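*Asks:* I would like the atomic coordinates for the input below:
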Amino acid sequence: MNAIAKVAAFNAEYPYAVAALAWAENCGHRIARDLWNNLHKWGKLTPKQAELLVKLHVQELEKPPVTGTLPNGKTTVTGTIAKTRVDHGMYGEVRKVLLALEGNVKVWGNAPAAANPVQGQVVRFTATFEPSPNDKGFGFWKRPKDWTTVQEAEPAA
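*Replies:* Numbers count the residues shown, from 1 in each chain. Reported below is the predicted structural model:
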């Protein structure tokens, strides 16, 4: 069975997933792309895989559009801490931070050891930024310095 026949059989069996399959062919989502490749390689997907493909497509459609510009290179940014996490590594604790910038742009990196990042804080710092190769609204930073808290997080009610 050739690839065209495999896709036609899939479309007949799972008509609710036709749009998601078309999206998966050229999207940057790793799992969706893998499901698309599996369909073309093996000729079928399980019902759970078809549901996952549709779910990923819906999530992508509901994601707000990126309207801001992603910092690139050594830059100073101001943003709101969306999420924090503490990882334990070979050299002790490392505080990871997801920072939300204007225009639905997010960047991820390590906070300086002296910083105490809290979700909801507005912070300003200088770092070297690099865009993600997979997501135009996401990037990473390294070597942060001059970390200052612009506004404290609102206390939980």
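
*Asks:* burial measure for residue 144, as a count.
*Replies:* Using other CB atoms under 10 Å, residue 144 is surrounded by 19 other residues. To be clear about C-beta, it is placed using only N, CA and C from the backbone, and glycine gets the same treatment.

*Asks:* mind listing the strands for the chain?
*Replies:* 73-89, 92-101, 105-110, 122-131, 138-151 (DSSP state E).

*Asks:* which stretches of the protein have low pLDDT?
*Replies:* Across the chain, the ranges flagged by pLDDT under 70 are 1, 156-157.

*Asks:* In it, spot the helix with the most residues.
*Replies:* Ranked by residue count, the top helix of the chain under DSSP state H comes out as helix 47-62.

*Asks:* Domain boundaries for this protein, per the record?
*Replies:* With domains defined by automatic domain parsing, the chain comprises 3-62, 73-151.

*Asks:* Backbone dihedrals for residue 27, both of them.
*Replies:* phi -80, psi 170 (degrees, to the nearest 10).

*Asks:* okay, now the closest residue to it other than its chain neighbours: neighbour count?
*Replies:* Leaving aside its sequence neighbours, residue 27 sits nearest to residue 33 (CB to CB, 6 or more residues apart in numbering; 6.3 Å). A total of 15 residues lie near residue 33 under the criterion other CB under 10 Å.

*Asks:* Equivalent analysis for residue 36, please.
*Replies:* Per other CB under 10 Å, the neighbour tally for residue 36 reads 22.
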